[in-house]
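*Asks:* okay, sequence plus prediction incoming.
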Amino acid sequence: MLPLQEIPPFIQKAFITAEDKRFFKHWGVDWWARLNAIYINLKSFRVVRGASTITEQVVRMIHPRPRSFWSRWLETIEAYWLEKKVSKSKILEFYLNQVPFASNRRGVVQASSFYFDRTIDTLTVGETLALACLLRSPSRLDL
């Protein structure tokens, strides 16, 4: 696992912005984002937006379970407790090293090598932003 201090700050900021822009302001759950997602989904009569925080995604990586209303609430509780026990920097470090991409690639190091044949410290701004955007649907570019 690559230590957080070895992951370029721009990569960290790009992923936080793409996935959880209030990461440093909540305790594991972003209630404003969740309420907004509920409103948008009800208005659309289908699920068009999620509201998982980076911490909740880490919980899901550690404890994978079938997606259900109940599992979503378990993740909420576990995310709160995880943030009580582990620092934000450790959560972000784990996330950036384990976030799933296409073709069973895990983390920004494997993704940058797979998609761009480059190390993370040589990625351009555009390539970094492309990786952050791929999180929305990594299987679309599965090769």
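*Replies:* Sure, I can see it. Computed from a predicted model, the values in this text were never measured in an experiment.

*Asks:* same for the longest helix along the chain, what does it pack against?
*Replies:* Using DSSP state H, we find that the single longest helix of the chain is helix 69-85. Packing partners of helix 69-85 (3 or more Cβ pairs under 8 Å, 6 or more residues apart in numbering; DSSP states H and E): helix 54-62. Placement of C-beta: from N, CA and C, glycine included.

*Asks:* any idea of the angle the helix it packs on forms with helix 69-85?
*Replies:* On the basis of axes from the mean of the first three to the mean of the last three Cα atoms, to 10 degrees, helix 54-62 is oriented at 110 degrees to helix 69-85.

*Asks:* hmm, back to that, give the buried residues for the longest helix of the chain.
*Replies:* For helix 69-85, burial by neighbour count (16 or more other Cβ atoms under 10 Å) applies to 72, 75-76, 78-80, 82-83.

*Asks:* nearest to Thr119 among those?
*Replies:* Ranked by distance to Thr119 (Cβ to Cβ), the buried residues of helix 69-85 are led by Leu82 at 29.5 Å.

*Asks:* quick one, the helix or strand of the chain with the lowest mean pLDDT and helix 69-85 angle?
*Replies:* Taking mean pLDDT, DSSP states H and E as the measure, the helix or strand of the chain with the lowest value is helix 31-44, at a mean of 83. Orientation of helix 31-44 against helix 69-85 (the same axes, to 10 degrees) gives an angle of 160 degrees.

*Asks:* dump helix 31-44 to PDB, keeping only the CA atoms.
*Replies:* The C-alpha coordinates for helix 31-44 follow below in PDB (Å, rounded to 0.1, in the frame of the first residue of the first chain):
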ATOM      1  CA  TRP A  31     -26.400  14.000   5.600                       C
ATOM      2  CA  TRP A  32     -26.900  17.000   3.200                       C
ATOM      3  CA  ALA A  33     -25.800  14.900   0.200                       C
ATOM      4  CA  ARG A  34     -28.000  12.000   1.400                       C
ATOM      5  CA  LEU A  35     -31.100  14.200   1.700                       C
ATOM      6  CA  ASN A  36     -30.400  15.800  -1.700                       C
ATOM      7  CA  ALA A  37     -30.000  12.300  -3.300                       C
ATOM      8  CA  ILE A  38     -33.300  11.200  -1.800                       C
ATOM      9  CA  TYR A  39     -35.000  14.300  -3.100                       C
ATOM     10  CA  ILE A  40     -33.600  13.900  -6.600                       C
ATOM     11  CA  ASN A  41     -34.300  10.200  -6.700                       C
ATOM     12  CA  LEU A  42     -37.900  10.700  -5.600                       C
ATOM     13  CA  LYS A  43     -38.400  13.400  -8.100                       C
ATOM     14  CA  SER A  44     -37.000  11.200 -10.900                       C
END
